[in-house]
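*Asks:* generate a structure from the sequence data that follows.
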Amino acid sequence: MSAVIAPVDGRVIALADVADPVFSAEMVGPGCAIEPAGSEEMDAELDVVSPVSGTLVKLHPHAFVITTAEGVGVLVHLGIDTVQLKGEGFEPHVAEGDEVSAGQLVTRWTTWPAAREGYPATVMIAVLDREPGSIVSSRVGDDVTQGEELFTL
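*Replies:* Down below sits the predicted model:
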């Protein structure tokens, strides 16, 4: 069983409580979300790390997918509706196809463009191709530090 770690510091919330119906209904997959620490500040800068080790198979400015050696895809989505920012505020530090380690910096996110547009800074972590409800984090309601375990695969 592989651990999935927190990509940012913050408070863990259930996906059901996320203000995005696609994630809250677990249409993308089960997992959890984090309300990032400091994201309420207009000029927060968050270093977002990989929650698992594996291959970076998809990289958008606001989201990325890592596939583990066991073939499990884990999506990290930074903010709600942040695709509308067309990359503004996001600085990737890796490239598609790269091998990454759990805890390795993937993206630096300056949240002010999202805050300016009123987009929540919620970070969603979803396991792809899994049944809704099949993964639940025991950390919901807890504050976590980047790198701490959220759940296992």
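
*Asks:* in stretch 43-62, which residues are buried?
*Replies:* 44, 46, 48-54, 56, 59-62 (16 or more other C-beta atoms under 10 Å). C-beta: built from backbone N, CA, C; applies to glycine.

*Asks:* that stretch spans what distance, first to last residue?
*Replies:* End-to-end distance of stretch 43-62 (C-alpha to C-alpha, to the nearest Å): 17 Å.

*Asks:* and residue 135, how far is that from residue 82?
*Replies:* Note on residue 135: its distance to residue 82, by C-beta to C-beta, to the nearest Å, is 23 Å.

*Asks:* low-confidence stretches in this structure?
*Replies:* Across the chain, residues meeting the criterion (pLDDT under 70) sit at 1, 39-42.

*Asks:* and with 90 instead?
*Replies:* 1-2, 37-44, 136 (pLDDT under 90).

*Asks:* nearest residue to the middle of it?
*Replies:* Nearest to the mean C-alpha position of the chain, by C-alpha atoms, centre = their mean, lies residue 76 at 3.0 Å.

*Asks:* do a quick rundown of the helices in the chain.
*Replies:* 21-24, 112-117 (DSSP state H).

*Asks:* return the most buried member of those.
*Replies:* Of all these, helix 112-117 has the most neighbours on average by mean count of other C-beta atoms under 10 Å, namely a mean of 17.

*Asks:* save the buried residues of stretch 43-62 as JSON lines, and put in distance to residue 125 too.
*Replies:* Converted to JSON lines, the buried residues of stretch 43-62 look like this (distance: C-beta to C-beta, whole Å):
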{"residue": "44", "distance to residue 125": "19"}
{"residue": "46", "distance to residue 125": "14"}
{"residue": "48", "distance to residue 125": "11"}
{"residue": "49", "distance to residue 125": "11"}
{"residue": "50", "distance to residue 125": "11"}
{"residue": "51", "distance to residue 125": "6"}
{"residue": "52", "distance to residue 125": "10"}
{"residue": "53", "distance to residue 125": "15"}
{"residue": "54", "distance to residue 125": "14"}
{"residue": "56", "distance to residue 125": "15"}
{"residue": "59", "distance to residue 125": "16"}
{"residue": "60", "distance to residue 125": "15"}
{"residue": "61", "distance to residue 125": "17"}
{"residue": "62", "distance to residue 125": "14"}
